[in-house]
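# Give me coordinates for this.
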Amino acid sequence: MSIIKIDMNSPEFQAEMQKTIEFTDKVNKQFGWVYNPQAEVNEGVQMGLARNKMMYGKRFCPCFMVETVDGKPKSVDDRICPCKPAIEREIPEDGVCHCGIYCTPEYAAKKAAEMGMEEAVHTHSRGLTKEEAQTLVNERELDSDELVSLLEARMLGMVDFKLVDVREHMEWQMGHIKGADKLVPTSSFFAALDNAKLNKNENIIVYCHVGSRSAHCARILRDMGYTKMGNLTYGIVSYGGEIER
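Residues are numbered from 1 along each chain as shown. Prediction:
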């Protein structure tokens, strides 16, 4: 199975994208929710929903891996937008769904205020020592600052690892972390993994949109014998470093 590529500029995708925007508009209206004040989060999720609709015939949540079970596509935790966990638990408890697109008005207002207070420039107090880099690269969960620091340390030759994007080809084209070494899309995971030729004993850090797919892929890789797996906990939407488009 080869990597599935969908042309986001094609008339077919653009038509499906418009239908998906109308769909998410209706979901918000139905439940009294609002969109995330981070427009790039909404666009990324909508594009993922449109892609999944074209690929699988259903709007599976793009933040979760889709697997084939008995010949039929099935999302982990049966996540079909708007998914049951978001309706029953995530939004009532946290104010936002896991993918981040649907929010309560209160959460959205708070998030917008926080965004207004954040500094525009991403800064670091200091670089890592070689010992710190070696320790950090073996952590199972990493935040944005830690990955930025590790990429800087790798550039200086203090540490070595592979950074693997497990989103889809279309998402990669929209923007990926500068320094990412491989694309292993979850829709063609095992075939793409064979092509990536990763060493089971090297340090590997995976990332996706918000951290769900990559966490799932990291668990699969550990079960396959990959011994040094790390995950960017909150995905590329949390990443403060440089993005290549």
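
# Only alpha carbons, please: show the helix or strand hosting residue 219 as PDB.
In this assignment (DSSP states H and E), residue 219 forms part of helix 212-223. The C-alpha coordinates for helix 212-223 follow below in PDB (Å, rounded to 0.1, in the frame of the first residue of the first chain):
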ATOM      1  CA  SER A 212      -3.300  11.700  19.600                       C
ATOM      2  CA  ARG A 213      -2.300   9.900  16.400                       C
ATOM      3  CA  SER A 214       1.400  10.100  17.300                       C
ATOM      4  CA  ALA A 215       0.800   8.800  20.800                       C
ATOM      5  CA  HIS A 216      -1.100   5.800  19.300                       C
ATOM      6  CA  CYS A 217       1.700   5.300  16.700                       C
ATOM      7  CA  ALA A 218       4.400   5.400  19.400                       C
ATOM      8  CA  ARG A 219       2.600   2.600  21.300                       C
ATOM      9  CA  ILE A 220       2.400   0.500  18.100                       C
ATOM     10  CA  LEU A 221       6.100   1.100  17.400                       C
ATOM     11  CA  ARG A 222       7.000   0.100  21.000                       C
ATOM     12  CA  ASP A 223       5.000  -3.100  20.500                       C
END
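
# And the contacts of that helix?
Around helix 212-223, the neighbours that count as contacts under Cβ atoms under 8 Å, 6 or more residues apart in numbering are 63-65, 76, 98, 140, 166-167, 184, 186, 189, 204, 206-208, 229-233, 235. Using the backbone N, CA and C atoms, a C-beta is placed for each residue, glycine as well.

# same thing with stretch 128-139?
For stretch 128-139, contacts defined as Cβ under 8 Å, 6+ apart pick out 142, 146, 149-150, 152-154, 158-159, 161, 203, 205, 228, 230.

# what's the model's confidence in it, averaged?
For stretch 128-139, the mean pLDDT works out to 91.

# Can you give me the end-to-end span of it?
Stretch 128-139 has its terminal residues 15 Å apart, counting by Cα to Cα, to the nearest Å.

# Stretch 220-236 now?
End-to-end distance of stretch 220-236 (Cα to Cα): 20 Å.

# just checking, residue 20 touches residue 52?
No: using Cβ atoms under 8 Å, residue 20 makes no contact with residue 52, being 9.4 Å away.

# circling back: from the contacts of stretch 128-139, which land in helices?
146, 149, 150, 152, 153, 154 (DSSP state H).

# could you measure the last one against residue 224, distance?
Counting by Cβ to Cβ, to the nearest Å, the gap between residue 154 and residue 224 amounts to 24 Å.

# more neighbours, those two?
The neighbour comparison of residue 154 against residue 224 (other Cβ atoms under 10 Å) goes to residue 154, with 18 against 11.

# tell me which helix or strand of the protein sits lowest on mean pLDDT?
In the chain, no helix or strand scores lower on mean pLDDT, DSSP states H and E than helix 105-117, which sits at a mean of 82.
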